[in-house]
Every structure is written in C-alpha cells, then in structure tokens.
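Undergrad: Need coordinates for the below:
(one chain, ligands or ions: 1)
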Amino acid sequence: MKRQLPKRHDLAPLLTFRRPTLSARERRLASALTIEDLRRIARRRTPRAAFDYTDGAADGEVSLARAREAFADVQFNPVILRDVSHVDTSRDVLGAPSALPFGIAPTGFTRMMQAEGEIAGATAAAAAGIPFSLSTLGTTSIEDVAAANPHGRNWFQLYMWKDRERSMALVDRAARAGYDTLLVTVDVPVAGARLRDVRNGMTIPPTLTPRTIADAIPRPAWWINFLTTEPLAFASLDAWSGTVADLLDTMFDPTVTYEDLAWIREQWPGKVSVKGVQTVADARRLADTGVDAIVLSNHGGRQLDRAPIPFHLLPQVAKEVGSDLEVHLDTGIMSGQDIVAAVAHGARFTLVGRAYLYGLMAGGRPGVDRAIEILRGQVERTMRLLGVGTLDELEPHHVTQLARLAPRSPF
Ligand SMILES: Cc1cc2nc3c(=O)[nH]c(=O)nc-3n(C[C@H](O)[C@H](O)[C@H](O)COP(=O)(O)O)c2cc1C
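TA: Numbers count the residues shown, from 1 in each chain. All right, here's what the predicted structure looks like:
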C-alpha cells in the first residue's frame, strides 16, 4: 500500500462542522429517528402518572403487545425495477383528500400529556394535510379546535352518554363548527381495567401527593406548563374529580345498540365512521346499516384485553365489506412500515394514537410535527423500496403476515 501525507485540500471537505442548533427542544427532537425514540424522550419529560396513562393499556396489556408484534411479524416482498422516483402518499378518505394514509386518533385528556394538547395536534395535522380527531373527552373545546384548524379536516369522536340530549348537543356543535366526520366509538360499554392508573393513583386532574411531588422534581417543564396554563378540565363535560375509570362508568351508557347507531346516523349531516369493530360479523352488519366507514380497533388495547388483533382481522374484513364501506384500522401502529402493511392488506386509512402522543409529550407542537415527519419518511421510503409509486398500487402480495399465533380451532 502506497502512503502519502494528507494535503490541506484533501482535509478541507472532511472538516465541515454542522451549525450547532441552539434550541434544546430542536436538538432533542432531531435526535429522535423513530417513534420509539420519541417515546423514550416523552418518558423522561412527563410525570409518571400521565405517561403511564398514555403508554399503558388494560389488564396484562396483551392486546397492545400482540397488535405491535403482528406488525413486526410481517415480511415485505419488494417488486424490483420500477420507476419510483416519485411517490404519492395521498388518498381520498371519506370524501376528501388526506396527504398521508393516516390521521390523528381521538384521545382524551390530551392537555394532561403536555399543555399544548389538542391545539398542537390539530395545527400539526393541518400543516401535514391530514385529519385530526377530537375526543368527547378532549380538553379543548370543539370550537377552539375548529378555530385552530380552520382549513384542515376535523373529525369529532362521540361517546354516547347516559344523558343522550347532552351527547347530541355535542354532535350538533361539531356539525355547526364544520367537522366533516363523526367517529362513533363503540368499544367502551364500561371502562377497561387500566391497572397502571390504579397503581399510580391517577386522578383527573393530577393531585399533589408526596409521590407526585418527588416525581415532579426531574420534570420541571411539564409542571411549569401545567401550573401556568388554563386549568385542566374537560371541554365538553362538567368538572370531574376522580379516577378515569369512575368517570367513564358514571357517564357512559352501556345500553347503546345498533338501533341507537341508526338514530345517531340520522342526526349527523356528514360522514359516519364506527370505531372499535372487532369481528367480521359486526363489520358485515355495519355495512348493511349504511355507515360510511369502520375502524378495526381494540382501542389501543385499553378496553378488552386479549382482543382480536386488528391487523390480522383486516384481510377478512376487507374482503367481506371493503366494497361497501371504507375499512380503517388502528392499534399498535408505531412506524410508517406498519401503515404501509395495513394499506397493502386493504385498509383505506389508519389512525395513530400513541405515536402522536409520544411526540406531543416529547416536545409539544414541534414534537407532533416530528412524529408525523418520521411516519411520513417511513411510509415514503417503504413504498419506494417495495417498488410502488401510489397507495393504490399496494396489494396483499407486497406484505406477508407471518403467524406467531394461530387459533387452534375456527370460531
Ligand atoms: C391516552 C389515550 C386516550 C384515548 N382516548 C380515547 C378517546 O377519548 N376516545 C376514543 O375513541 N379513543 C381513545 N383512545 C384510543 C385511540 O383513539 C386509538 O384507538 C388508539 O390509541 C390506537 O392505538 P395506538 O395508540 O397503538 O395507535 C385513546 C388512546 C390513548 C392512548
């Protein structure tokens, strides 16, 4: 090997230094390359009760673990020698465009995770050209979210309460504020057993105990935000002090049936999507009822534990009702690869819950932007690597679902 002394002009290109980023938040967010990275940052910055409320699921958290595992257990089958210089990640969903095949799922108590709450989610969604869903248990009012996202798409998620008149008053307000879709969540006849919340003594709003104060010391930013912004309250409900499970069980109506759904359908002028579908038979029945979409979901594993895995249910449901209504999916999505896999198996659209909340907890609005950017980059790259230029070109043959778990007998 012949050696030589390095010359100055050889060294110069190697000595380019990146301009330092001044903002600690920007640096923190830029260092996150995956949603899992955002989760780690979120955990460091959020009080334990609020983080666990978001991160946790019901009982043994098996539904959530299985849903994530099902996405990990896919095999992508690339098609080679295609021109993928341009990829188009947009698609029409419920009668209007979305720039990406995912939207933001409805989540309650969002300002408890980080003070910017729903406004961060709605404005980030608008900037990315994707829908934002506001929960009945949101901590920002229907009208304030609409004002923050005047040109974007807002969806309103309805929980049917025992007091029907008050539930329908919310629906009416959402229609008047221009929300284009009503998401009717049907998997909460009673609250799931969120054991982390019980163990943490989680209450809404958080209470100051010696334990929460000790937990606050390494997380000053969260507490400063919490104590210097509007007190945490539900935007659509009266004040509540107690546990989340007690709230759900007091307010929510366990008698809701298909007849009520048909009645709700009549009251709403826009599109209706039913969230929390978990069997092919219910999907069929909803298609016959005439709703516009269903969301295959087990509520991010927060309700019935050991529930069906939405991603595994998807191919059968898409085959059975995919031509009658739109099939959407959530639960367990932690990457753009998961979203591409769902679309390949027949999901018209997906929703992300925790993936965006981890971003919110890691850094407010810029954190949500970062979560969307990470997912967008992963969707685009995976499409290119699979050899597809549009979402419509994605087909089941692109993604094999590998089976770790299989039923012992058909049900
Ligand atoms: C903290 C949290 C709060 C939630 N609150 C609601 C809610 O108020 N209404 C609802 O329909 N779903 C709610 N969900 C469920 C989400 O809409 C969605 O189904 C779920 O988060 C999807 O799973 P993922 O978190 O793995 O993406 C909530 C989920 C989380 C994580």
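
Undergrad: Checking the closest residue in space to Thr185 that isn't next to it in sequence next. Helix, strand or coil?
TA: Spatial nearest neighbour of Thr185, chain neighbours left out: Lys275 (4.6 Å); criterion: C-beta to C-beta, 6 or more residues apart in numbering. For the C-beta atoms, the positions are set from N, CA and C on the backbone; glycine is no exception. Look at Lys275: counting by DSSP: H, G, I helix; E, B strand; the rest coil, its state is strand.

Undergrad: Identify the residues contacting the closest residue to the ligand within the chain.
TA: Proximity to the ligand, evaluated over the chain using C-beta to the nearest ligand atom, is greatest for Gly353 at 2.0 Å. Gly353 sits next to 105, 107, 300, 330-331 when contact means C-beta atoms under 8 Å, 6 or more residues apart in numbering.

Undergrad: pLDDT score for it?
TA: Looking at Gly353, its pLDDT is 98.

Undergrad: Any stretches of the stretch 1-150 of the chain with poor pLDDT?
TA: Residues of the stretch 1-150 of the chain meeting the criterion pLDDT under 70: 17-18, 20.

Undergrad: Get me the contact residues on it for the ligand.
TA: Within the stretch 1-150 of the chain, the positions lying close to the ligand (C-beta under 6 Å from any ligand atom) are 53-54, 105-108, 135, 137.

Undergrad: on that earlier part again, wait, isn't the residue nearest to Thr185 in contact with Thr181?
TA: No - counting by C-beta atoms under 8 Å, Lys275 stays clear of Thr181, with 10.6 Å between them.

Undergrad: Give me the neighbour count for the nearest residue to the residue of the chain closest to the ligand once chain neighbours are set aside.
TA: What sits nearest to Gly353 in space, not counting adjacent residues and going by C-beta to C-beta, 6+ apart, is Ala105, at 4.0 Å. Ala105 has 29 neighbours, counted by other C-beta atoms under 10 Å.

Undergrad: send the alpha carbons of stretch 194-210 over as CSV?
TA: Extracted in CSV, the C-alpha atoms of stretch 194-210 (Å, rounded to 0.1, in the frame of the first residue of the first chain):
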residue,chain,number,x,y,z
ARG,A,194,-56.1,0.2,33.3
LEU,A,195,-54.1,-1.2,36.1
ARG,A,196,-51.2,1.2,35.8
ASP,A,197,-53.6,4.1,36.5
VAL,A,198,-54.9,2.3,39.6
ARG,A,199,-51.4,1.5,40.9
ASN,A,200,-50.3,5.1,40.3
GLY,A,201,-53.5,6.5,42.0
MET,A,202,-54.0,8.5,38.8
THR,A,203,-56.8,11.1,39.1
ILE,A,204,-58.0,13.9,36.8
PRO,A,205,-56.7,16.5,37.4
PRO,A,206,-53.5,15.1,38.9
THR,A,207,-53.3,15.5,42.7
LEU,A,208,-50.2,16.6,44.6
THR,A,209,-49.0,13.9,46.9
PRO,A,210,-45.5,13.3,48.3
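
Undergrad: Give me the contact list for it.
TA: Contacts to stretch 194-210, defined as C-beta under 8 Å, 6+ apart, come from residues 47-50, 52-53, 55-59, 109, 112, 211-212, 226, 231-233, 240-245, 247, 302.

Undergrad: quick one: which of those residues sit in helices?
TA: 48-50, 52-53, 55, 112, 211-212, 226, 244-245, 247 (DSSP state H).

Undergrad: From Leu314, how far out is Gln278?
TA: Look at Gln278 and Leu314: by C-beta to C-beta, to the nearest Å, they are 12 Å apart.

Undergrad: just for the stretch 201-350 of the chain, where's the confidence low?
TA: For the stretch 201-350 of the chain, applying pLDDT under 70 flags the ranges 204-205, 235-242.

Undergrad: near the ligand, which residues of it?
TA: Within reach of the ligand by C-beta under 6 Å from any ligand atom, the stretch 201-350 of the chain has these residues: 275, 297, 299-300, 302, 330-333.

Undergrad: Most neighbours of all these, which one?
TA: For those, the largest number of neighbours (other C-beta under 10 Å) sits with Thr331, at 33 neighbours.

Undergrad: Specify the local secondary structure of that residue.
TA: Once three-state DSSP is applied, Thr331 turns out coil.

Undergrad: Next: Trp155.
TA: strand.

Undergrad: what's it in contact with, if anything?
TA: 103, 106, 131-134, 179-183, 273.

Undergrad: With respect to Leu15, which of the residues of the stretch 1-150 of the chain next to the ligand is nearest?
TA: Thr54 (43.6 Å; C-beta to C-beta).

Undergrad: and the nearest residue to the closest one once chain neighbours are set aside, what does it touch?
TA: Counting by C-beta to C-beta, 6+ apart, the nearest residue to Thr54 once its immediate chain neighbours are dropped is Leu357, at 5.1 Å. Contacts here follow C-beta under 8 Å, 6+ apart; on that basis Leu357 touches 42, 54, 107, 110, 113.
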